[in-house]
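**Q** Only the shape, not the letters, is given here:
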């Protein structure tokens, strides 16, 4: 997977958090994910298909997810319920939708988001596809973007 | 979501388990998923996009996932590691790939599978899209198919 295919998702994550949540993210070093690690409590996952196929996910500790959706909805969300699920899905959707137009030369479409709720779950993908993980830090805590994309 | 769009995934799940795993599944009553329940230990998720967008997932208790991939790989898989992750992803991929051609009038493409590993995790989707859950029982235990699809 070429780095130029990961960068649009990093940029889109930073821009989405800045404009929609008013949260400034600081990006850490993107790494190839070799082990199903680290673990999260809440993840939004969305599939990509078309000229390339893959998926992206945004994953959070529970407290960070609650803070993020509270910012996104301008409301005090205190429980992991339908409001949180919708908002986590929608944030993932906005990030993927905004990034796909910057995948130069690739026409991809996005699926509906799935939201995973489970203490200390991990995400993994097929061994034959490079899976990148990009850590972010912010005033509301840390989160991670994962990107896997199989290009022609 | 029309029932004719769920049936191809049910048929494909039954056929894939029968031909690739030699496991006969008995299908339970498909239900609209209204709560993020039940919980699973291992899920394979794949996105669908194109004329319709959505996702499907196959979810298992840990012991059932180990038995299923042992059958699929004709090997004794005892741990949740790369072999299990690849096989769970591949089973999901085969089911989605086989079903999509039977979505009459809809041209959809599939993303890469994501595998979730986490004791008692639940899956959820956006409130505005109907999310069906289809339980299966078998000699190796129970599993569930979930289908959400937003059609034009």
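**A** Received, thanks. Please read all numbers here as calculations on a predicted model, not as lab measurements.

**Q** For residue A:53, list each beta-bridge partner.
**A** According to DSSP bridges, the partner residues bridging residue A:53 are residue A:150.

**Q** Please name the residues that touch it.
**A** Applying C-beta atoms under 8 Å, 6 or more residues apart in numbering or on different chains to residue A:53 gives the contacts A:47, A:108, A:149, A:150, B:109, B:110, B:111, B:112. Quick note: C-beta positions are derived from backbone N, CA and C, even for glycine.

**Q** can you rerun that using 7 Å?
**A** A:150, B:111, B:112 (C-beta atoms under 7 Å, 6 or more residues apart in numbering or on different chains).

**Q** Which of those sits closest to residue B:51?
**A** Closest to residue B:51 out of those is residue B:111 (15.1 Å), distances taken as C-beta to C-beta.

**Q** right, and that closest one touches residue A:50 too?
**A** No: with contact defined as C-beta atoms under 7 Å, residue B:111 does not reach residue A:50; the gap is 9.3 Å.

**Q** When the two are compared, which one has more neighbours?
**A** residue B:111 (31 against 16; other C-beta atoms under 10 Å in any protein chain shown).

**Q** that older thread, so which one among the contacts of residue A:53 has the lowest pLDDT?
**A** Lowest in pLDDT among those is residue A:150, which has 91.

**Q** Would you mind getting the angle between whichever helix or strand residue A:56 is part of and strand B:53-60?
**A** Here residue A:56 sits within strand A:53-60, counting by DSSP states H and E. For strand A:53-60 against strand B:53-60, the angle by axes from the mean of the first three to the mean of the last three C-alpha atoms, to 10 degrees is 70 degrees.

**Q** Give me the buried positions along strand A:53-60.
**A** A:53, A:54, A:55, A:56, A:57, A:58, A:59, A:60 (16 or more other C-beta atoms under 10 Å in any protein chain shown).

**Q** same question, stretch A:109-119
**A** Buried, per 16+ other C-beta under 10 Å, within stretch A:109-119: A:109, A:110, A:111, A:112, A:113, A:114, A:115, A:116, A:117, A:118.

**Q** do stretch A:10-24 as well
**A** Within stretch A:10-24, the residues scored as buried using 16+ other C-beta under 10 Å are A:10, A:12, A:13, A:14, A:16, A:17, A:20, A:21, A:23.

**Q** The last one contacts residue A:136, correct?
**A** I take that to be residue A:23. No: with contact defined as C-beta under 7 Å, residue A:23 and residue A:136 do not form a contacting pair (9.6 Å).

**Q** Tell me where the model's unsure across chain A.
**A** Residue ranges of chain A with pLDDT under 70: A:1.

**Q** Could you show which parts of it are in contact with chain B?
**A** Within chain A, the positions adjacent to chain B are A:36, A:45-50, A:53-55, A:57, A:82, A:85-86, A:89, A:109-118, A:120-127, A:129, A:148, A:150 by C-beta under 7 Å from any C-beta of the partner chain.

**Q** Which ones among those lie within helices?
**A** Among the residues of chain A next to chain B, the members found in helices (DSSP state H) are A:82, A:85, A:86, A:89.

**Q** Format the residues you listed as JSON lines; extra columns: neighbour count.
**A** Shown next, in JSON lines, are these (neighbours: other C-beta atoms under 10 Å in any protein chain shown):
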{"residue": "A:82", "neighbour count": "14"}
{"residue": "A:85", "neighbour count": "25"}
{"residue": "A:86", "neighbour count": "20"}
{"residue": "A:89", "neighbour count": "23"}
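
**Q** Quick one: these as CSV, columns for distance to residue A:144 too.
**A** Formatted as CSV, these follow (distance: C-beta to C-beta, whole Å):
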residue, distance to residue A:144
A:82, 24
A:85, 19
A:86, 21
A:89, 17
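
**Q** what residue is smack in the middle of chain A?
**A** residue A:58 (2.4 Å; C-alpha atoms, centre = their mean).
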